[in-house]
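> I would like to see how this sequence folds:
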Amino acid sequence: MMQYYPLPDPLKPYVESIWSFESPDRLDYCEQAAVIPTGRWILIWNYQGQYEHIIQNTSYHHPLYDLHLVGQHNSKIELKGTEPVHSIGISFKPYGYYAIEGKELPLLVNKVQSVSKRNLDGKELLASFTGNLHEAVVEITGLIIERIRYTPDQRVVEIINQINACNGNILIKELFGHIPGSQRHLNKLFKAQVGITPKEYVSIIRFHEIYNRYIRNEERENKSELYDFFYDESHFIMNFRKILLTKPHQFMKKANKLGNQFIRK
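The predicted structure is shown next:
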């Protein structure tokens, strides 16, 4: 079950959503719990249960009350746990976490790392859960607000908006036509503030769109729409295997209800 919360005004330029999630007590036997790349940075605090993120064969374990950042990733994430997990999450806009972290973002791609829970006064927060979700959300957002130090470049914001508006179905050269600066400089600026290159982000958004159209609800009749985003079916399959490490028909044989909860429609 996913529940959403209002965004505080100071976070609106940087954050897409604030949510809480309670995993079911039992999962389907064949549940894959696979989360595809979304182009977002996500900060998570698990207030009940322990679990793991697995990225590219590396496992990141989260003990109870761990505040952790899930970085940009270009292949699937697997979620694993032996007990129900309840958590609060903040999904940042692609450039949103730059406001906090600065230019170290490329070092955090395809990784998950714990984040300090100390506020500016040195007090350790989020060390327990009182049972009040609203209070916990206020505590987490307050911690984030006081850490905002940088402002994303408006050219990066504009490039992101262009890519999102066409669901990734755009040529790279079209992105920079009316934006001041050389393509080399804009590529470098984008990677510093998003963590990945514009080409990588385009690929993620394009795949995300076709996943929702063709894979998510197993609507095979949408297969013709593949060609709106990929040159042919073989290119789609190649991209699919790169991200999900299997072929589409094999992936669709198993459930992914839990993973789909974290994939925006």
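> now the helices for the stretch 101-250 of the chain?
133-145, 154-165, 172-175, 183-194, 198-210, 233-244, 248-251 (DSSP state H, counting those that start in this stretch).
> deepest of these, which one?
helix 198-210 (a mean of 21; mean count of other Cβ atoms under 10 Å). No exception for glycine: its C-beta is placed from N, CA and C like everyone else's.
> and it, what does it pack onto?
helix 154-165, helix 172-175, helix 183-194, helix 233-244 (3 or more Cβ pairs under 8 Å, 6 or more residues apart in numbering; DSSP states H and E).
> list of residues touching that helix?
36-39, 74, 94, 159-160, 163-164, 167-170, 172, 175, 186-187, 190, 194, 196, 225-226, 229-230, 236, 239-240, 243, 263-264 (Cβ atoms under 8 Å, 6 or more residues apart in numbering).
> residues touching residue 107, list them.
Taking Cβ under 8 Å, 6+ apart as the definition, residue 107 has no contacts.
> same thing with residue 251?
32, 34, 215, 240, 244.
> dump the helices of the stretch 101-250 of the chain into a markdown table; add distance to residue 59 and mean pLDDT as well.
Below are the helices of the stretch 101-250 of the chain laid out as a markdown table (distance: least, Cβ to Cβ, whole Å; pLDDT from 0 to 100):
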| stretch | distance to residue 59 | mean pLDDT |
| --- | --- | --- |
| helix 133-145 | 24 | 97 |
| helix 154-165 | 31 | 96 |
| helix 172-175 | 34 | 84 |
| helix 183-194 | 26 | 95 |
| helix 198-210 | 23 | 92 |
| helix 233-244 | 18 | 86 |
| helix 248-251 | 21 | 86 |
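> one step back: and the helices and strands packed on helix 198-210 as JSON lines, adding distance to residue 210?
Below are these laid out as JSON lines (distance: least, Cβ to Cβ, whole Å):
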{"stretch": "helix 154-165", "distance to residue 210": "15"}
{"stretch": "helix 172-175", "distance to residue 210": "19"}
{"stretch": "helix 183-194", "distance to residue 210": "21"}
{"stretch": "helix 233-244", "distance to residue 210": "7"}
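> nearest to residue 148, out of those helices?
Closest of the helices and strands packed on helix 198-210 to residue 148 is helix 183-194, at 13.9 Å (criterion: Cβ to Cβ).
> what's the closest one packed up against?
Using 3+ Cβ pairs under 8 Å, 6+ apart, helix 183-194 is in contact with helix 98-101, helix 154-165, helix 198-210.
> go again using 10 Å as the cut-off
Under the contact definition 3 or more Cβ pairs under 10 Å, 6 or more residues apart in numbering; DSSP states H and E, helix 183-194 sits against helix 98-101, helix 154-165, helix 172-175, helix 198-210.
> among these, which comes closest to residue 24?
Using Cβ to Cβ, the nearest of those to residue 24 is helix 198-210, at 24.0 Å.
> residue ranges for the strands of the stretch 1-150 of the chain, please.
Here the stretch 1-150 of the chain has its strands, by DSSP state E, counting those that start in this stretch, at 2-5, 15-22, 34-35, 42-48, 51-55, 58-62, 67-70, 77-80, 86-92, 112-114.
> picking up where we left off before, of the helices and strands packed on helix 198-210, which is nearest residue 51?
helix 233-244 (20.1 Å).
> got the angle for the closest one vs helix 198-210?
100 degrees (axes from the mean of the first three to the mean of the last three Cα atoms, to 10 degrees).
> and helix 233-244, how far from the chain's centre?
Its chain's C-alpha centre and that of helix 233-244 lie 20 Å apart, by Cα atoms, centre = their mean, to the nearest Å.
> do the same with stretch 113-122
21 Å.
> quick one, what contacts the nearest residue to residue 100 once chain neighbours are set aside?
Excluding its sequence neighbours, the residue lying closest to residue 100 (Cβ to Cβ, 6 or more residues apart in numbering) is residue 147, at 4.8 Å. Contact analysis of residue 147 by Cβ atoms under 10 Å, 6 or more residues apart in numbering lists 99, 100, 101, 115, 116, 119, 120.
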